[in-house]
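Peer 1: From the sequence below, what's the structure:
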Amino acid sequence: MKKPKQKFNVIVEQDEDGYYVASVPSLPGCYTQAKTFDDLVSRIKEAISLCLSVAGENPKYGRRIKTSVPQPGFIGIQTVEV
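Peer 2: Take a look at the predicted model:
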């Protein structure tokens, strides 16, 4: 039987060197980076899977995971220079 898919909010930023950096606020220590946005998406999915695997093996880490229902759609943050 297949596990139901879980959804996580991911924060994506671009650093000063042009790399995309992603972190998952509800999974402590779950982050990655990539040169392209497409690579970032596949890498953050892998990072989330690894964090969930650790949570299954380590109850102390598992208790630190915040369970919340992600908001639907896209919310963006734009830097504006004035």
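
Peer 1: C-alpha from now on. contacts and neighbour counts both.
Peer 2: Noted.

Peer 1: ok now stretch 18-38, how far from the chain's centre?
Peer 2: With CA atoms, centre = their mean, to the nearest Å as the basis, stretch 18-38 stands 6 Å off its chain's centre.

Peer 1: Now do that stretch, average pLDDT.
Peer 2: pLDDT averaged over stretch 18-38 equals 95, rounded to a whole number.

Peer 1: got the buried residues for that stretch?
Peer 2: Within stretch 18-38, the residues that qualify as buried by neighbour count (16 or more other CA atoms under 10 Å) are Tyr20, Val21, Ala22, Ser23, Val24, Leu27, Cys30, Tyr31, Thr32, Gln33, Ala34, Phe37.

Peer 1: Would you map the strands across the protein?
Peer 2: Under the criterion DSSP state E, the chain contains strands at 11-14, 20-23, 31-34.

Peer 1: And for Met1, the neighbour number?
Peer 2: By other CA atoms under 10 Å, the residues close to Met1 number 3.

Peer 1: pLDDT score for it?
Peer 2: So Met1 comes in at 72 (pLDDT).

Peer 1: Who are the contact partners of it?
Peer 2: For Met1, no residue counts as a contact, taking CA atoms under 8 Å, 6 or more residues apart in numbering as the criterion.

Peer 1: Would you check how far apart it and Val54 are?
Peer 2: Noted for Met1: a distance of 21 Å to Val54, by CA to CA, to the nearest Å.

Peer 1: Buried residues in the top helix by length along the chain, which are they?
Peer 2: The helix of greatest length in the chain, counted in residues with DSSP state H as the criterion, is given as helix 37-57. Using 16+ other CA under 10 Å as the burial criterion, the residues of helix 37-57 that qualify are Phe37, Leu40, Val41, Arg43, Ile44, Ala47, Ile48, Cys51, Leu52, Ala55.
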